[in-house]
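> with the input below, show me the fold.
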Amino acid sequence: MSYVALYRKFRPDNFKDVKGQDHIVTTLKNQITADRVGHAYLFCGTRGTGKTTVAKLFAKTVNCEHPVDGNPCGECKNCKAIAAGASMSVIEIDAASNNGVEEPPSYCIFILATTDPQKVPITILSRCQRYDFKRISVDTITDRLEELTAIENIDVEPRALRYIAKVADGAMRDALSILDQCIAFHYGKTLTYDMVLNVLGAVDTIVFSNLLRKIMDQDIIGCMEGLEEVVMQGRELGQFVNDFIWYLRNLLIAKTAENAEDILDVSAENKARLDEEAALLETEVIMRYIRVFSELSNKIRYSAQKRIMIEVALIKLCKPEMERDDESLINRIHNIEDKLEKGVTVTAVQSPVATTAEDKPVQKVRELPLALPADIQKIVDSWRRMQTEEDMSLGSLLRETTPSLTEDNKLKLVVKRQILKERYDMESTKTLLEEVFAKYVGKQVDYVVELIAEDGSQDGLNPNILSFAGMDAEIETIEEEENEEYV
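Numbering: from 1, shown residues only. Sure thing, here's the model as predicted:
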């Protein structure tokens, strides 16, 4: 068997070929050059970031007879023996299968490479120089893949290499293994972006865009059909969930960050699509989508019913009333506002009513005298009573309102949250309040609603950071009425 995997074939044999870990490489080279080598080291970081590679290079250099600028010469007998794995001076032990520790003698240099430094006893940690290997950037991995494909004379689209680098999630070894797999699957052909998607069982961003728009339209059937298409194409559902979370992450950045193009690694066409979709969604709604699918990602990994779990998550996104958290309530309010903008009437029944010859209910107009300051005072004195005697929807609204007077002795209703003020501005609330006030004083009571922040300022509050405790019942009332029509 003559073929050697790319990650083994192109393992660096000197420090300059180690990518993305300059802070560690520079330190180790300086220690070697200055003859200040320590006796114990701890290399930490996720898989494929170069821990073992740097450990071998370091061991090779300190044993080299003629090191050059902190690098092994590669020509002396020690370098050749270590490279061939025949040196008794450098022994690699797999700590995953050898869990016993021996105290190294004074003439040894001990290097422990691990992905779980928190499991290393503190007595060992305190004796080691610790180096944390960071994830390698997408740009660095892409550049390295371009170098290696050029050496191997492999034709590949730059977009394909960049997607491989992104999927590798900061691990150079993973990127090389994925590239190896893609080359083998489409051997002798120019490796394209679509080919990489097919090998990895991934989908293009247009699929996520279409799915998101179906969710925004609360089109459950459309969501199920979109998922069916993904399944029939043989896509890996775990990868599908993770990629959709990444798409939503890009959407959130496009919504909230200035100069988002500096952060997002997407084409101009995809950026325009993200901007369009971001304008249609509230920030909290996007965050709710991310939360639901992140929870799904944690559960789906070992599930035998991945498709069903994804279907349930999609239904949750389409039906925010299934949940009771603040993000879901904001989602529900956004849906109601959207329907109002499209002309759906959302009002309460107005009474008393009379019936016309066509048997259609119409409001009977009652002319009442305007309330006097004494009547306004009676309303203020009866406020607590109204909170308990009126229906649940209005009562919860009154409990979060403080009655006061304006300079011209009109009733002023003070609230501390934007959503409460918007509730007072609804025609259904105005009609209901007029009838309640008339019941208590027998007169027409004019009032104004004022939004005051917690600190007493009148600049208003940011509706994106509101608490919705107690508003659930009101939202449900609106949702129940949204399909009814009253004249």
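
> for the rest of this, base every contact and every neighbour count on C-alpha atoms.
Fine.

> would you map the helices across the stretch 301-450 of the chain?
With helices called from DSSP state H, counting those that start in this stretch, the stretch 301-450 of the chain shows them at 306-318, 326-341, 373-381, 383-389, 392-399, 418-425, 427-441.

> need the ones you listed in JSON lines (columns: mean neighbour count and distance to His66).
Shown next, in JSON lines, are the helices of the stretch 301-450 of the chain (neighbours: other CA atoms under 10 Å; distance: least, CA to CA, whole Å):
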{"stretch": "helix 306-318", "mean neighbour count": "18", "distance to His66": "57"}
{"stretch": "helix 326-341", "mean neighbour count": "18", "distance to His66": "64"}
{"stretch": "helix 373-381", "mean neighbour count": "17", "distance to His66": "93"}
{"stretch": "helix 383-389", "mean neighbour count": "15", "distance to His66": "88"}
{"stretch": "helix 392-399", "mean neighbour count": "18", "distance to His66": "82"}
{"stretch": "helix 418-425", "mean neighbour count": "17", "distance to His66": "74"}
{"stretch": "helix 427-441", "mean neighbour count": "16", "distance to His66": "87"}
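
> what about Lys255, neighbour count?
21 (other CA atoms under 10 Å).

> related to what we said a few turns ago, the helices of the stretch 301-450 of the chain: which one's closest to Val231?
Distance to Val231, taken as CA to CA, is lowest for helix 306-318 among the helices of the stretch 301-450 of the chain, at 8.2 Å.

> domain-wise, how is this protein divided?
6-132, 138-200, 205-318, 366-466 (automatic domain parsing).

> deepest-packed of the ones you listed, please.
Of all the domains of the chain, domain 138-200 carries the top mean neighbour count, a mean of 18, counting by mean count of other CA atoms under 10 Å.

> give me the mean pLDDT for that domain.
For domain 138-200, mean pLDDT rounds to 88.

> any stretches of this protein with poor pLDDT?
1-2, 94-101, 103-106, 202-203, 262, 265-267, 322-367, 389-393, 453-487 (pLDDT under 70).

> show me where it has its strands.
In the chain, the strands defined using DSSP state E lie at 40-44, 110-114, 129-132, 353-355, 361-363, 402-405, 411-415, 447-451.

> TSV for those, including distance to Glu229?
Formatted as TSV, those follow (distance: least, CA to CA, whole Å):
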stretch	distance to Glu229
strand 40-44	42
strand 110-114	41
strand 129-132	43
strand 353-355	53
strand 361-363	49
strand 402-405	54
strand 411-415	49
strand 447-451	49
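
> quick one: which of the ones you listed is nearest Asp22?
Nearest of the strands of the chain (CA to CA): strand 129-132, 11.6 Å.

> quick one: strands adjacent to that closest one?
Strand pairing for strand 129-132, determined by DSSP bridges: strand 40-44 (parallel).

> what angle separates the partner strand from strand 110-114?
Put simply, strand 40-44 runs at 10 degrees to strand 110-114, going by axes from the mean of the first three to the mean of the last three CA atoms, to 10 degrees.

> any idea how far strand 40-44 is from the middle of the chain?
Distance of strand 40-44 from the chain centroid (CA atoms, centre = their mean, to the nearest Å) equals 33 Å.

> before we move on, what about stretch 119-136?
30 Å.

> got a list of contacts for it?
Residues from elsewhere that reach stretch 119-136 (CA atoms under 8 Å, 6 or more residues apart in numbering): 19-21, 24, 38-46, 49-51, 169-172.

> what's the answer for stretch 436-453, then?
Outside stretch 436-453, the residues that touch it by CA under 8 Å, 6+ apart are 368-371, 375-376, 378-379, 410-418, 421, 424, 434, 458-461.
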